[in-house]
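Q: Sequence and predicted structure below; questions after.
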Amino acid sequence: MHTIKKLELNQQLTDLDILEIDSPSCSACIALQGAQILQYQPKHRATPLLWLSQVNTGQLGKALRGGIPLCFPWFGAHPQGLQPAHGFARNQIWELQNVSYDEAQAIHHVDFILQDSPETRKIWSHAFRLKLRISCGRSLNLDLHVENIGSQAFEFSFAWHSYFQINQIRQTEIHGLQNAEFIDQLQNNHHFLETDAVTFQQEMDRIYPKASGYYQIVQAHAEPIQIAAPSCASVVIWNPWQDKAERLGDIAEGDWQHFVCVECGQIASETVRLAAGSEVHYQLKITDL
Ligand code: BG6
């Protein structure tokens, strides 16, 4: 039902260990680097739910483009611009704690931990523990605990940077954001109000600091994808369009048209201050049922 092997992309073996899961309800693939779910397809669905770039190099320490990388302990550019964007959690090797299978429900539960180390303290000087449970069945569920195991409070922002596979970005809509305020990262971070469903005619990079937590990806010829993260205040909607996709260099030609990112987390005004000894818990559920 599950095996660990080396990541195989473009017929190349790479340095990354991945966990492969297959059950009557779904198939999935999770990299130990970043505890990043790379592929997920419920058996009732004709196509994968998540998009994964086919031109990833699969090098240790370089975030893979696609699936669900976790941005932590900051989202976007480093506050002082000194460290890599989106934090370090997606580049670290997480400890795989346990894999269990609930046969009655055909759900695999995969438990990971990432704790501060001399390496992370060079980047971010705080003592923390992240516990992530990925549950793969007919839907995909992620549970994240963030613990402050140090003696001083710290601040963090984060996002589940989910890449969803879609047929065509120009014919895709995101529902659930009407009346939410957003920061347009492509218009000098000015604030605007979303009046309708989100549609795509050009590059998009919007942060909605406070949104409903319930979103739908609606497209022709496919069941809507339901995203539920009521414990996460914020969401980001991102598609690079053609020019930025070419600049990024790890997206195959034209493939930017086949994904949209809907990234739930705590961002901007919703940055979290966590007291010493405390913990917070976030959940994300993705389904097309
Ligand atoms: C999005 C940001 O979340 O991630 C974009 O809003 C950014 O500004 C994108 O370009 C991809 O980031 P990265 O670091 O994975 O290339």
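A: Yep, it's here.
Q: Report the contact partners of the closest residue to the ligand within the stretch 1-150 of the chain.
A: In the stretch 1-150 of the chain, the residue found nearest to the ligand is residue 85; the distance is 4.3 Å by Cβ to the nearest ligand atom. C-betas here are computed from N, CA, C, even on glycine. Contact analysis of residue 85 by Cβ atoms under 8 Å, 6 or more residues apart in numbering lists 76-78.
Q: distance between the ends of stretch 164-180?
A: For stretch 164-180, the first-to-last residue distance is 22 Å (Cα to Cα, to the nearest Å).
Q: Taking the contacts of residue 85, please make a ChimeraX selection of just the buried ones.
A: This is the ChimeraX syntax for the buried subset of the contacts of residue 85, where burial follows 16 or more other Cβ atoms under 10 Å:
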select :76
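Q: related to what we said a few turns ago, separation between the residue of the stretch 1-150 of the chain closest to the ligand and residue 234?
A: Plainly put, residue 85 is 16 Å away from residue 234 if you go by Cβ to Cβ, to the nearest Å.
Q: Just the helices from the stretch 101-250 of the chain, written as ranges.
A: For the stretch 101-250 of the chain, helices defined by DSSP state H, counting those that start in this stretch occupy the ranges 118-123, 241-248.
Q: Now the longest one: average pLDDT?
A: To tie it back to what came earlier, the one meant is helix 241-248. What helix 241-248 shows for mean pLDDT is 97.
Q: and the next helix or strand after it, which strands flank it?
A: Remark: after helix 241-248, the chain's next helix or strand is strand 259-266, criterion DSSP states H and E. Strand 259-266 has its sheet partners listed here by DSSP bridges as strand 158-165 (antiparallel), strand 234-239 (antiparallel).
Q: tell me which residues in the following helix or strand past strand 259-266 are buried?
A: Counting by DSSP H and E, the next helix or strand C-terminal to strand 259-266 is strand 272-274. Applying a neighbour-count criterion of 16+ other Cβ under 10 Å, the buried positions in strand 272-274 are 272, 274.
Q: can you pull the buried residues of the helix or strand following strand 272-274?
A: On the C-terminal side of strand 272-274, the nearest following helix or strand under DSSP H and E is strand 279-287. Buried residues in strand 279-287, counted by 16+ other Cβ under 10 Å: 282-287.
Q: Over to stretch 259-276?
A: If you call a residue buried by 16+ other Cβ under 10 Å, then stretch 259-276 has these buried ones: 259-268, 270-272, 274.
Q: Where does pLDDT dip in this protein?
A: For the chain, applying pLDDT under 70 flags the ranges 1, 4, 6-15.
Q: which parts of it sit against the ligand?
A: Contacts of the chain with the ligand, taken as Cβ under 6 Å from any ligand atom, map to 63, 76, 85-86, 161, 185, 205, 236, 238, 248, 263.
Q: which of those residues sit farthest apart?
A: 63 and 185 (18.8 Å; Cβ to Cβ).
Q: Same drill for the two, tell me which one is more crowded.
A: The neighbour comparison of residue 63 against residue 185 (other Cβ atoms under 10 Å) goes to residue 63, with 23 against 17.
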